[in-house]
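Chemist: What would the 3D arrangement of this be:
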Amino acid sequence: MPNEVPILFVLGLLSVRLRDGRWSAIGFKWPESWMRVLLIALGAAAARICLGDFVIEPLAGKFWPAPVAPALANEIAGNPKVAALALLIVWTFAAFGEEIVYRGYLIRRGADVGGASKAANWIAMLLVSILFGYGHYYKGPSGIVDSGAAGLILGSAYLLSGRNLWVPILAHGFIDTFGVIAAFFGFDL
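Modeler: Numbers count the residues shown, from 1 in each chain. Got it, this is the predicted structure:
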């Protein structure tokens with residue numbers, strides 16, 4: 001688990017509470033169509049998995065060693081208890097925690113600095129994606145690049161969905177769930 005998430009999560013929640021106190025301010029809103037949210041999230045997850053496995057990791061591998069796997073990754077294979085723990089962690093800290101902080105809070109605050117224009121949102125998303133990549137420094141240089149690319153996909157999905165935070169939360173959860181299931185069955189992705 002990236003150690004910046006709990007700290008940024010608390011700071012973000014305090015800031016939201018002090019500013020206007022509504023969850024909708026960071027994108028927690030009831031979507032007009034859950035089907036649309038689900039389809040965008042699945043598309044983003046598929047794009048992230050394919051881009052990571054077939055483009056980013058092979059290219060980054062030409063310059064740096066493979067990304068370092070998270071601590072539990074080597075213990076998941078064939079172990080349902082560890083796999084369940086990993087799923088709990090990825091859905092709480094990664095899917096909810098990271099997405100609330102990076103997509104919901106930081107993109108919003110960054111866009112506010114630029115007047116909340118469409119361009120400011122996209123520039124903020126690019127900068128936050130770089131920060132998101134660096135937040136995964138424990139994975140090594142390849143992992144930083146791979147996570148930064150994931151940030152671009154999740155951030156784009158967030159903005160294209162009208163800043164509905166459920167889209168990147170679900171996409172991130174689907175991506176990491178795929179990884180846990182693959183690790184459980186012994187696939188090296």
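
Chemist: average pLDDT for stretch 108-123?
Modeler: The average pLDDT for stretch 108-123 rounds to 94.

Chemist: in it, what counts as buried?
Modeler: Neighbour counts using 16 or more other CB atoms under 10 Å place Arg108, Arg109, Gly110, Ala111, Ala120, Asn121, Trp122, Ile123 of stretch 108-123 among the buried residues. C-beta coordinates here come from the backbone N, C-alpha and C atoms, glycine included.

Chemist: Need those in a markdown table (columns: secondary structure and distance to Cys50).
Modeler: Converted to a markdown table, the buried residues of stretch 108-123 look like this (DSSP: H, G, I helix; E, B strand; the rest coil; distance: CB to CB, whole Å):
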| residue | secondary structure | distance to Cys50 |
| --- | --- | --- |
| Arg108 | helix | 29 |
| Arg109 | helix | 31 |
| Gly110 | helix | 28 |
| Ala111 | helix | 28 |
| Ala120 | helix | 30 |
| Asn121 | helix | 25 |
| Trp122 | helix | 23 |
| Ile123 | helix | 26 |
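
Chemist: Pull the most distant pair out of those.
Modeler: Greatest spacing in the buried residues of stretch 108-123, by CB to CB: Arg109 and Trp122 (14.8 Å).

Chemist: Work out the gap between stretch 129-138 and the centre of the chain.
Modeler: 10 Å (CA atoms, centre = their mean, to the nearest Å).

Chemist: likewise stretch 117-132?
Modeler: The answer for stretch 117-132 is 14 Å, by CA atoms, centre = their mean.

Chemist: before we move on, what about stretch 110-118?
Modeler: 21 Å.

Chemist: How far does it stretch from one end to the other?
Modeler: 12 Å (CA to CA, to the nearest Å).

Chemist: Same check on stretch 28-38?
Modeler: Criterion CA to CA; first-to-last residue distance in stretch 28-38 is 15 Å.

Chemist: Identify all contacting residues around that stretch.
Modeler: Stretch 28-38 has contacts (CB atoms under 8 Å, 6 or more residues apart in numbering) with Trp23, Gly104, Ser161, Asn164, Leu165, Trp166, Val167, Leu170.

Chemist: Could you single out the nearest of the residues you listed to Ile7?
Modeler: Using CB to CB, the contacts of stretch 28-38 come closest to Ile7 at Gly104, 15.7 Å.

Chemist: quick revisit: can you pick the most crowded of the contacts of stretch 28-38?
Modeler: In terms of neighbours by other CB atoms under 10 Å, the contacts of stretch 28-38 top out with Val167 at 30 neighbours.

Chemist: tell me the SS of Lys29?
Modeler: Per DSSP: H, G, I helix; E, B strand; the rest coil, the local secondary structure of Lys29 is coil.

Chemist: distance of it from Leu39?
Modeler: 17 Å (CB to CB, to the nearest Å).

Chemist: who has more neighbours, the two?
Modeler: Lys29 (15 against 12).
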